[in-house]
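Student: Just need the structure, nothing else, for what follows:
(chains A and B)
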Protein chains: 2
Amino acid sequence: MSATVLYMSMSLDGFIAGPNERADNGLGDGGHRLHEWALAGADAGDRGVGHLTGVDGQVVDEFMATGAVVAGRGTFEPAGGWGGDHHDGVPIFVLTRHTPDSETGQWPLVSYVSDVRTAMTAAKQAAGDKNVLVHGAGTAQLALAAGVLDELEIHVISVLLSQGRRLFDHLGPEHIELERTRVLEGNGVTHMHYRVRR
Amino acid sequence: MSATVLYMSMSLDGFIAGPNERADNGLGDGGHRLHEWALAGADAGDRGVGHLTGVDGQVVDEFMATGAVVAGRGTFEPAGGWGGDHHDGVPIFVLTRHTPDSETGQWPLVSYVSDVRTAMTAAKQAAGDKNVLVHGAGTAQLALAAGVLDELEIHVISVLLSQGRRLFDHLGPEHIELERTRVLEGNGVTHMHYRVRR
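Tutor: Okay, here's the model as predicted:
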């Protein structure tokens, strides 16, 4: 019933961040372009982004209704760990090979897990009958390779970013067959939902 | 009125051919997977592909109604030069830095052009009020960089190919803004049409 669902904003040419990602440049140069659709309203002002349209709001509502979060440390830390609570106090499983520092290690909702299967299993258990929000390119790649990613919701942004970090990379030699289950045409973004076939 | 339109089948992870492309392996290993949708009917048999659905047929009809073809030599040669006639006797402009061999050099519909701007201008002129079919990753990249590609019709296949040759690569540092103009949900393929913003 419950599914692990990757939610990622990606340019048509496959990038999820611009070049030169650093702690103080978490989305890479120009990477904010990929998140304008979701920040509409909160972050309109100087970029002239309008309010969320119906389907964009619907997709945000969906991932904010998940029952647990699995994210890589490369997503978690630049986001400031979402202040320790991504949404609604659901548990957050951070995939990392490294020991957390003392501050983030103290957040009660946050667990650190070194194995993607363990992270997904724990998150599904915690989420009950709700879905699990999966976030981060590295986590996506590990989960796809391990066969523990159930669905993908890719927000395809109407731009060619031209360079940066790709969502789908290092996947190994096998084709991974998908079933398209939904397409929603948002404002400058096309939300494409797929189920991973096994 | 007339537009240069890139038509390419691409996996969700951005590949247009599998690895190990060679003269006798033009689509690369496993690359035929990306073309099953268009070969349905002609090539069903052992792969169990059904006949083209309405929108898949519509898209094929559209690119077979173009008034000229621009393709890279890397597309043209593995396809056997389409026997010298891609469809309906429209002129074919092959983008290449090399002199053609004597056989293909004799095809009356085929011209060899070394510069992408020249190729697009000549093709538009030849096509009259019809669109120009653009084909090939290298040609797409050159045309995007030169600002002479007007539209993209990307057939996004419901598969992660995991490796091979990417459609969008080497585009340089600039973002290229697109406007989504149509999405058609085909059989295992999502046809996404964009206009290049300038």
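
Student: CA atoms for contacts and neighbours, from now on please.
Tutor: OK.

Student: now could you export just the CA positions of the longest helix along chain A as PDB?
Tutor: Determined from DSSP state H, the single longest helix within chain A is helix A:116-127. What follows is helix A:116-127, C-alpha atoms only, in PDB (Å, rounded to 0.1, in the frame of the first residue of the first chain):
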ATOM      1  CA  VAL A 116      19.400   2.500   1.700                       C
ATOM      2  CA  ARG A 117      17.400  -0.700   2.200                       C
ATOM      3  CA  THR A 118      17.300  -0.200   6.000                       C
ATOM      4  CA  ALA A 119      16.300   3.500   5.500                       C
ATOM      5  CA  MET A 120      13.400   2.600   3.200                       C
ATOM      6  CA  THR A 121      12.200  -0.300   5.400                       C
ATOM      7  CA  ALA A 122      12.300   1.900   8.500                       C
ATOM      8  CA  ALA A 123      10.600   4.800   6.700                       C
ATOM      9  CA  LYS A 124       7.800   2.600   5.300                       C
ATOM     10  CA  GLN A 125       7.200   1.200   8.800                       C
ATOM     11  CA  ALA A 126       7.100   4.700  10.300                       C
ATOM     12  CA  ALA A 127       4.800   6.000   7.600                       C
END
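
Student: Give me the contact list for that helix.
Tutor: Here helix A:116-127 makes contact (CA atoms under 8 Å, 6 or more residues apart in numbering or on different chains) with A:2-4, A:66-70, A:90-95, A:113, A:131-132, A:139, A:142-143, A:146, A:148.

Student: what about the strand or helix carrying A:Glu153, distance to the chain center?
Tutor: If you go by DSSP states H and E, A:Glu153 is part of strand A:151-157. Chain-centre distance of strand A:151-157: 9 Å, with CA atoms, centre = their mean, to the nearest Å.

Student: Run the contact check for whichever helix or strand comes after it versus chain B.
Tutor: Where DSSP H and E defines the elements, the next helix or strand beyond strand A:151-157 is strand A:159-160. Yes - with CA under 8 Å from any CA of the partner chain as the criterion, chain B is reached by strand A:159-160 at A:Val159, A:Leu160.

Student: So what are the sheet partners of strand A:159-160 and their directions?
Tutor: Strand A:159-160 pairs in its sheet with strand B:176-185 (antiparallel), by DSSP bridges.

Student: angle of the strand it pairs with against strand B:151-157?
Tutor: Counting by axes from the mean of the first three to the mean of the last three CA atoms, to 10 degrees, strand B:176-185 lies at 50 degrees to strand B:151-157.

Student: can you list the residues that contact strand B:176-185?
Tutor: A:158-162, A:188, B:55, B:190-198.

Student: Which positions within the longest helix of chain A qualify as buried?
Tutor: A:Val116, A:Arg117, A:Ala119, A:Met120, A:Ala122, A:Ala123, A:Lys124, A:Ala126, A:Ala127 (16 or more other CA atoms under 10 Å in any protein chain shown).

Student: Format the residues you listed as JSON lines; extra columns: distance to B:Pro78.
Tutor: Shown next, in JSON lines, are the buried residues of helix A:116-127 (distance: CA to CA, whole Å):
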{"residue": "A:Val116", "distance to B:Pro78": "41"}
{"residue": "A:Arg117", "distance to B:Pro78": "42"}
{"residue": "A:Ala119", "distance to B:Pro78": "46"}
{"residue": "A:Met120", "distance to B:Pro78": "44"}
{"residue": "A:Ala122", "distance to B:Pro78": "49"}
{"residue": "A:Ala123", "distance to B:Pro78": "48"}
{"residue": "A:Lys124", "distance to B:Pro78": "48"}
{"residue": "A:Ala126", "distance to B:Pro78": "52"}
{"residue": "A:Ala127", "distance to B:Pro78": "51"}
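
Student: from those, which two are the most distant?
Tutor: Using CA to CA, the two most remote members of the buried residues of helix A:116-127 are A:Val116 and A:Ala127, lying 16.1 Å apart.

Student: For A:Thr4, give the beta-bridge partners.
Tutor: A:Val132.

Student: List the contacts of the nearest residue to A:Ile16 once chain neighbours are set aside.
Tutor: Closest residue to A:Ile16 apart from its sequence neighbours, by CA to CA, 6 or more residues apart in numbering or on different chains: A:Met10 at 4.8 Å. A:Met10 is in contact with A:Ile16, A:Leu34, A:Ile154, A:His155, A:Val156, A:Ile157, A:Leu167, counting by CA under 8 Å, 6+ apart.

Student: Look up how far B:Gly136 lies from the second one.
Tutor: By that I understand A:Leu34. Noted for A:Leu34: a distance of 26 Å to B:Gly136, by CA to CA, to the nearest Å.

Student: Ok, the third one next?
Tutor: Shown here: A:Ile154 relative to B:Gly136, a distance of 25 Å by CA to CA.

Student: And the strands in chain A, which stretches?
Tutor: With DSSP state E as the criterion, chain A has strands at A:4-11, A:15-17, A:68-72, A:92-95, A:110-113, A:132-135, A:151-157, A:159-160, A:165-166, A:176-185, A:189-196.

Student: Export the ones you listed to JSON lines and append columns for mean pLDDT.
Tutor: Formatted as JSON lines, these follow (pLDDT from 0 to 100):
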{"stretch": "strand A:4-11", "mean pLDDT": "98"}
{"stretch": "strand A:15-17", "mean pLDDT": "97"}
{"stretch": "strand A:68-72", "mean pLDDT": "97"}
{"stretch": "strand A:92-95", "mean pLDDT": "96"}
{"stretch": "strand A:110-113", "mean pLDDT": "94"}
{"stretch": "strand A:132-135", "mean pLDDT": "98"}
{"stretch": "strand A:151-157", "mean pLDDT": "98"}
{"stretch": "strand A:159-160", "mean pLDDT": "98"}
{"stretch": "strand A:165-166", "mean pLDDT": "96"}
{"stretch": "strand A:176-185", "mean pLDDT": "98"}
{"stretch": "strand A:189-196", "mean pLDDT": "98"}
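
Student: TSV for those, including distance to B:Pro78?
Tutor: Shown next, in TSV, are those (distance: least, CA to CA, whole Å):
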stretch	distance to B:Pro78
strand A:4-11	30
strand A:15-17	29
strand A:68-72	42
strand A:92-95	44
strand A:110-113	48
strand A:132-135	40
strand A:151-157	31
strand A:159-160	28
strand A:165-166	29
strand A:176-185	26
strand A:189-196	32
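
Student: Many thanks, we can stop here.
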